[in-house]
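Chemist: model this:
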Amino acid sequence: MTIPPEELKPALWDQPGSFRAEFDFSRDAVMRSLEGTLKRLGTDYVERRVGRR
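Modeler: Residues are numbered from 1 along each chain as shown. Got it, this is the predicted structure:
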């Protein structure tokens, strides 16, 4: 599949190739990302810290 030049995101990469950047901030996508991160880190939780300004 060839992606039209106007759909490429050259600002993100020096040589974008034939890939198109797609951002998915849905709950399912965020959970998949978090689960992958936890697996790579070898842990099963994340501490949440709330700071004051």
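Chemist: helix/strand/coil for Thr33?
Modeler: Let me fix one detail, which is that residue 33 is Ser and not Thr. Under DSSP: H, G, I helix; E, B strand; the rest coil, Ser33 falls in the helix class.
Chemist: list the contacts for it?
Modeler: By C-beta atoms under 8 Å, 6 or more residues apart in numbering, no residues touch Ser33. Quick note: C-beta positions are derived from backbone N, CA and C, even for glycine.
Chemist: got it, and the one 5 residues further on?
Modeler: The contact partners of Leu38, taken as C-beta under 8 Å, 6+ apart, are Asp44, Tyr45, Val46.
Chemist: how about Glu6?
Modeler: Glu6 neighbours (C-beta under 8 Å, 6+ apart): none.
Chemist: let the chain start at 18 from now.
Modeler: Happy to do that; since the first residue is 18 now, the last one works out to Glu23.
Chemist: spatially central residue in this structure, please.
Modeler: Most central in the chain under C-alpha atoms, centre = their mean is Phe40, positioned 6.7 Å from the mean C-alpha point.
Chemist: angles on the backbone of it, please.
Modeler: Note on Phe40: backbone dihedrals following degrees, to the nearest 10 are phi -110, psi 130.
Chemist: hmm, back to that, top of the contacts of Leu55 by neighbour count?
Modeler: Val63 (10 neighbours; other C-beta atoms under 10 Å).
Chemist: on that earlier part again, so which of the contacts of Leu55 belong to strands?
Modeler: Residues of the contacts of Leu55 located in strands (DSSP state E): none.
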